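1. sequence plus the predicted model coming up.
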Amino acid sequence: MTLLATRREFIRIGVIGGAMVATIPIINSRAAGAAGKQIGVFVKIAPDNSIIIGAPTAEMGQGTFTSMPLVIAEEMDADWDRVSIEYMPLSLKRLAPDEPNWNGGTGGVDFAHAYQGAGGSQSVNRNFGLLRNAGAEIRDRMVRAAAARWRISREELRTEDSFVIGPRRGQRAPYGELIEEAVSLEPSVSPVLKDPSAFKLIGTRVRIKGSTDLVTGAPVFGIDKEIPGMVHAVLARSPFFQSAGPIAVDASAAREVAGVLDVIEIPRRWPGGDNQTEVYLHGAVAVVAETLWSALKARRLLNIEWDKGPYPDESTSAIEEEYDRILAADGEGARVFREDGDIESALGRADRTFERRYLFKALAHVCMEPHSAVADMRPSERLIRTSHQFPDRPAKVAAEIAGFDVLDVRVENARLGGGFGRKFDPDYVSEAVFLSHQLQKPVKVMWTREDDIQHDAFNPPGLSRMRAGVDASGDIVAWDQLIAGHGAHPDVAPAGLVKDFRVRSARVDRGMWFGPWRGPGHNTQAFMIECFLDEIAHELGEDPLDYRLRLLGDTAEMPYPGWGAETYDPQRNAVVLRLAAEKAEWDQRHKLSKGRGRGIASFFTFGGYCAHVVDVTITDGDFSVDRVVSAVDCGQPVNILGIEAQIEGGIVDGLSVARRQAIHVEGGQVVERNYDTYRMMRMDGAPKQIDVHVVPRRDYPTGTGEISLPPFMPALANAIFAATGKRIRSLPIADQLKA
């Protein structure tokens, strides 16, 4: 795929061509010199030649607040030092029944000008072509305006740092002087995009916009947002899975707390079955007060008898026993996600077979910023301020609860202090909207860390049985994966590389609420697949790198029916493996001293290729990570600095998970409550060195927010084996090295 927009994006650009040059003030204008003119949806240019560019998608640390405006700035030849960024409020439109939407279907309500969701490493990928065209359109208008002013051919003009430059000495016009003429021009039929060789910003290392605000504590997050006249609410939610809510409530002591205004019972309301709702309400009791402290104090004084729901006896041990029963029955009734050839016959013909099991515990998201939302559902306001990955969902919640037209709901989305998939769901927003609609005043709902961990949408746990058969040459000729506990991405390698191939899954849908968690599905499958490949290579006496490259062979690019990409190219996978290995001196691993080991793994996640080589040292039954060398292929890099940060973040997150993190269930409730029991890695446990190498490519860009975590955990486990001879087949590692 080239750097031009995808076919789907061209279709959408055609649909919204008029809107792209609308003069509606979609972005806010608080920056200095902002008494300028809006040109298109994304850009405002002031007379002093300062520029505001709107960032359309949620920023949660993945760098889109910088990378997407940077794409516009590149194509319009803006002076990046004079560019400031503002969040674009949610903008929706109602589609015609046959009009394409962003999800590949037709009709409904959809984002009006750009894809405003943030998830699945898709923000840059879905918007890149559209944003390039928007920037090129502005540059084209500036050139046409200058050509008309100077009465010369546009071919004689060039642009640089927010100026149009003419052929005569000193003939320069700042965009701020040309804006009046530019906004009056008709849009271009197809603005000319830059050749990638001319990029000055894209593909370089650009400092993250807004970083000063982050380190100085400026109020930029959703948790900082307020509405004048608001009241505060905290909720006591049922600790039992799928509980209907309170059976009996004694709130007499809570009501005596100074500042308490009301205590409100909220029945459970949840999607499922025929109830296709956008509203997510836990069965709960809300304390509403003048201050947050009063609400928290009063909540502790509530005396509540809870409905225990349909799973009062659920436990981790019982769930894992069910996994064992599923595997013992060879997955009877399991769903076949993919089946190529005849797997049982191929296993029977194999010269040698391998079988292993890998266990992955449930995980919580624990975003640094606990959930919060402030809503004003008075008919004159219809306003939500929050931090959410998909701001259209809060708008739909407000429409459903309060009866507003979804297009009339204002959603002002702030920076997220982490998301990782948890802030895809709208439960915390639903609570604020529900209470504001009932009280007819603005309400701010706040969650505590205990609320967050106890009522998370957990990454699903699971047990996987892996079977493989090899021929006399050691080549894999059969591959069979049976998963108990959760679904599968059936099209990741070695799918397409092994003729006889099968992936099955038997879901164990108990009471826990599961949801997307950084690289959903890939995070568990990468651990299982890449550890298993390493075990096969070791048993055969093969180099783990060479064995992976042999599996990839010279296989050409193939269609990828899985989510997040259109094709998978084994040769691009091979490139990142070789690059990481070269930079990490993989061929010198045998020279490591006793107690040290080096492991390797790679994975294809949501369109991006990533490989890691991990060095560990084992001391007294514990481990430290000395170095991680990473190679990433995400197509055309947009901001190298942002890519490096994402790869580093995924590594640190994966290491924290692998060390100690796990959610346990007992008596139908989550056991862990805060950081004392759900243990996050401390700073001294982080890798001592991380080196990230980005493959220079001109292919259409993919995202990097999730691609580094899945291959890191198996690379770590493989390094531990190299150092100790002990295989890690269950995460978290915890005290396994002390056994």
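-> That came through fine. Numbering: from 1, shown residues only.
2. residue boundaries of the helices in the stretch 51-200 of the chain?
-> Using DSSP state H, counting those that start in this stretch, the helices of the stretch 51-200 of the chain run over 64-76, 123-150, 175-183.
3. return the most buried member of those helices.
-> Ranked by mean neighbour count, the helices of the stretch 51-200 of the chain are led by helix 64-76 with a mean of 27 (mean count of other Cβ atoms under 10 Å). Backbone N, C-alpha and C define where each C-beta goes, glycine included.
4. now do that one: which elements does it pack against?
-> strand 51-55, strand 83-87, helix 123-150 (3 or more Cβ pairs under 8 Å, 6 or more residues apart in numbering; DSSP states H and E).
5. among those, which is nearest residue 586?
-> Among these, the nearest to residue 586 by Cβ to Cβ is helix 123-150 (30.5 Å).
6. report the mean confidence score over that closest one.
-> Averaging pLDDT along helix 123-150 gives 96.
7. same thing with stretch 702-714?
-> 97.
8. for it, buried residues please.
-> By neighbour count, with 16 or more other Cβ atoms under 10 Å as the criterion, the buried positions of stretch 702-714 are 702-714.
9. now, which of those residues sits nearest residue 387?
-> Closest to residue 387, out of all of the buried residues of stretch 702-714 and judged by Cβ to Cβ, is residue 705, at 15.8 Å.
10. got the phi and psi for that closest one?
-> phi -60, psi -30 (degrees, to the nearest 10).
11. excluding its backbone neighbours, what's nearest it?
-> Of all residues not flanking residue 705 in the chain, residue 62 sits nearest, at 4.2 Å (Cβ to Cβ, 6 or more residues apart in numbering).
12. from residue 478, how far out is the most centrally placed residue in the chain?
-> Nearest to the geometric centre of the chain sits residue 119, at 3.9 Å (Cα atoms, centre = their mean). Distance, residue 119 to residue 478, by Cβ to Cβ, to the nearest Å: 35 Å.
13. likewise for residue 47?
-> Per Cβ to Cβ, residue 47 is found 70 Å from residue 478.
14. the two: who's more crowded?
-> Remark: of residue 47 and residue 478, residue 478 carries more neighbours, 25 against 15, as counted by other Cβ atoms under 10 Å.
15. got a list of what that one touches?
-> Listed by Cβ atoms under 8 Å, 6 or more residues apart in numbering, the contact partners of residue 478 are 343, 346, 347, 350, 353, 467, 468, 469, 498, 500, 501.
16. pretty sure the fifth one sits against residue 467.
-> Yes: the pair residue 353 / residue 467 is scored as a contact, 6.6 Å apart, by Cβ atoms under 8 Å.
17. list the residues that contact both of these two?
-> Taking Cβ under 8 Å, 6+ apart as the contact rule, residue 353 and residue 467 both touch 347, 478.
18. re the thing from before, give me phi/psi at the residue nearest to residue 705?
-> Given degrees, to the nearest 10, the pair of backbone angles that residue 62 has is phi -90, psi 0.
19. quick one: pLDDT of it?
-> For residue 62, pLDDT reads 93.
20. what residues are up against it?
-> Residues in contact with residue 62 (Cβ under 8 Å, 6+ apart) are 118, 123, 642, 646, 703, 704, 705.
21. relative to residue 210, how far out is it?
-> Using Cβ to Cβ, residue 62 is found at 13 Å from residue 210.
22. could you do residue 586 as well?
-> From residue 586 to residue 210 the distance is 38 Å (Cβ to Cβ).
23. again, but for residue 221
-> 11 Å.
24. same check on residue 530?
-> For residue 530, the distance to residue 210 equals 36 Å [Cβ to Cβ].
25. give me the more crowded residue out of these two.
-> Higher neighbour count among residue 530 and residue 210: residue 530, with 28 against 16, using other Cβ under 10 Å.
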